[in-house]
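Trainee: kindly return the folded structure for what I paste below:
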Amino acid sequence: MNHQQVSEICFEETYTVPTYQTARSLFTRLPHGKPYAETLIECLATGYLIAVVESICIREMQRQIDPSVEVVVGRTIHVEHCGPIPSGATIRLLGWVERLSQHSATFYIRAYDDHELVCDGKVTLVAADRASMESKIATKVNGLQKVESVS
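Mentor: Reported below is the predicted structural model:
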């Protein structure tokens, strides 16, 4: 990870909310959410808001690593979803690196629609050793396959 360049990361961009990212749409597809999905309002689901914010931060940090050696993964996300964002709305996302350590960066994020602050938070990402992560995943996948073959 290039610490100097990561420390200088700052971004501003817009995102238009598609219809399929509303709370109602998301929860309709989840087994535990189906019973009450229709009672939800048609606005951006918090889970999708987090995914949008995290994906932008990952993209920015990804530019500063060697992807053959490192992989950017999420560690901690603290997001306050401050206001409803209807589908079709455009939000403006602002972010910058607030704190940097040996293998991680913490981004401060804010998002606004045309009316108000709709998101305020922090995302901490880690530049993890790719081989180590792939090994851990392979071990878990092998464990799952053993359980399935016993069943």
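Trainee: look up the closest residue to Glu98, ignoring the ones flanking it.
Mentor: Tyr108 (4.3 Å; C-beta to C-beta, 6 or more residues apart in numbering). The way it works is simple: take the backbone N, C-alpha and C, and place the C-beta from them, glycine included.
Trainee: paired strands for the host helix or strand of the one you found, with orientation please.
Mentor: Assigned by DSSP states H and E, Tyr108 belongs to strand 104-112. The pairing partners recorded for strand 104-112 under DSSP bridges are strand 90-100 (antiparallel), strand 117-129 (antiparallel).
Trainee: can you tell me the centre-most residue of this structure?
Mentor: Among the residues of the chain, the one closest to the centroid is Glu54, at 2.6 Å (C-alpha atoms, centre = their mean).
Trainee: that one against Val123, yeah?
Mentor: Yes: using C-beta atoms under 8 Å, Glu54 makes contact with Val123 at a distance of 5.7 Å.
Trainee: contacting residues around Ala37?
Mentor: 23-24, 27-28, 30 (C-beta atoms under 8 Å, 6 or more residues apart in numbering).
Trainee: that one: what secondary structure?
Mentor: Following DSSP: H, G, I helix; E, B strand; the rest coil, Ala37 is assigned to helix.
Trainee: which strands or helices does the helix or strand hosting Ala138 pack on?
Mentor: Per DSSP H and E, Ala138 falls inside helix 130-150. The contact analysis (3 or more C-beta pairs under 8 Å, 6 or more residues apart in numbering; DSSP states H and E) places helix 130-150 against strand 70-81.
Trainee: please state the offset of the strand it packs on from the chain centre?
Mentor: Computed by C-alpha atoms, centre = their mean, to the nearest Å, the chain-centroid distance of strand 70-81 equals 6 Å.
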